[in-house]
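# Following is a predicted model, sequence given first.
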Amino acid sequence: MGFNKRNKVSAQFNMSSLTDIIFLLLIFFMLTSTLVAPNALNLKLPGSSKSSSPSTSQITDVSISNSGSLRLDGSRITKGDLEKQLRSIARKKGRGKMDMTISPGKRTATADVVFVMDIARRLNINAILATEKD
């Protein structure tokens with residue numbers, strides 16, 4: 001009796017289970033990537049403008065000493081008078097057209113700098129914080 005057993009091994013590979021796993025992983029990563037919020041600050045970066053840049057003589061300078069005393073364009077001024085003076089200068093130049101530099105000393109308190117920055121924000125003045133190198 002010559003029974004021949006036909007034991008053939010199939011050379012095909014079933015890909016259906018592998019594609020299911022790939023699609024599930026793809027969906028998982030797509031959903032989790034949209035839920036992650038980036039930890040970044042919303043900064044206003046400088047851009048190009050077609051208008052000419054103001055000369056340095058047009059820019060108002062507010063200097064803050066280490067002791068907290070203020071100087072507006074070189075002349076000493078009190079905190080109460082600073083806002084009045086800046087308001088009158090900003091009114092002459094127009095809304096949003098005034099530029100100002102804030103120049104604190106190396107050891108100036110942060111509260112003094114924030115005080116001047118807050119006035120600039122309220123009066124819609126473009127303020128530039130100019131610090132010295134250490």
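Looks like it arrived, so ask away.
# is it true that residue 22 lies in a helix?
Yes - Residue 22 forms part of a helix when assessed by DSSP: H, G, I helix; E, B strand; the rest coil.
# And for it, the neighbour number?
Residues within reach of residue 22, counting by other Cβ atoms under 10 Å, total 11. Every C-beta, even on glycine, is put in place using the N, C-alpha and C of the backbone.
# same thing with the one 4 residues further on?
For residue 26, the number of neighbouring residues by other Cβ under 10 Å comes to 10.
# what's the helix or strand for it?
Applying DSSP states H and E as the criterion places residue 26 in helix 16-35.
# Looking at that helix now, give me its mean pLDDT.
Computed over helix 16-35, the mean pLDDT rounds to 86.
# got the buried residues for the helix or strand following it?
Sequence-wise, the next helix or strand downstream of helix 16-35 (DSSP H and E) is strand 60-64. Across strand 60-64, burial judged by 16 or more other Cβ atoms under 10 Å covers 60, 62-64.
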